[in-house]
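J.: Need the 3D shape of this:
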Amino acid sequence: GRGSSHTPYIRKTLPSDAYGLLCYCLMPNHFHFLIRQNTELSISKLLAKVCTSYSKYFNQKYERVGSLLQDRFKAVLVDSDSYLLWLSAYIHNNPKTAKLVEMPEEWKYSSYLDYLEKRNGVLCDKKLVSKFFQSIPEYQKFVDESCDKIKENKDMEYLLLD
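T.: Numbering: from 1, shown residues only. Model prediction:
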């Protein structure tokens, strides 16, 4: 080798409190994250880092090179409480809408089981969404009723991010 002239790689990390994950759903060919931006650091910066890191990991693990992800991510600004709640319901209903499961709580790759307190997940900050509901069954009812309303109501197509 070349000895000590090699500069070690220093991983640059983002501040741990810069973002909050409110809910998520991992699907076979895409994912949904509802993220709260807590500082001036943009969500684009976070997702670029996540996608790049995952691509590097995947390529190294499976001894491959090149692009891994097909498209750039899509982001929308959540500018109201009602939009926040509808997006959480849309994200949690995604596996049902895609006909992967009969009920959204059957999908273990989302935060919905954490919201129903059927699993003790630590990734999500559930407080912001949960504060709008008196109880867990009330949130579950909202998610269940939202699935049909989202499908029926063409005025809500802006919610559908796929």
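J.: immediately after the helix or strand of the chain with the lowest mean pLDDT, which helix or strand?
T.: Lowest by mean pLDDT, DSSP states H and E among the helices and strands of the chain is helix 43-61, with a mean of 67. Next along the chain after helix 43-61, taking DSSP states H and E as the criterion, comes helix 81-97.
J.: Give the buried residues for that next one.
T.: Applying a neighbour-count criterion of 16 or more other C-beta atoms under 10 Å, the buried positions in helix 81-97 are 84-96. All C-beta atoms are positioned from the backbone trio N, CA, C, and that covers glycine.
J.: can you put these in a markdown table and add pLDDT?
T.: Converted to a markdown table, those look like this (pLDDT from 0 to 100):
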| residue | pLDDT |
| --- | --- |
| 84 | 93 |
| 85 | 95 |
| 86 | 91 |
| 87 | 92 |
| 88 | 95 |
| 89 | 95 |
| 90 | 92 |
| 91 | 94 |
| 92 | 96 |
| 93 | 94 |
| 94 | 91 |
| 95 | 94 |
| 96 | 93 |
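J.: I'd like those laid out as a markdown table, including distance to residue 20.
T.: Formatted as a markdown table, the buried residues of helix 81-97 follow (distance: C-beta to C-beta, whole Å):
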| residue | distance to residue 20 |
| --- | --- |
| 84 | 12 |
| 85 | 16 |
| 86 | 19 |
| 87 | 14 |
| 88 | 13 |
| 89 | 19 |
| 90 | 19 |
| 91 | 15 |
| 92 | 17 |
| 93 | 22 |
| 94 | 20 |
| 95 | 23 |
| 96 | 25 |
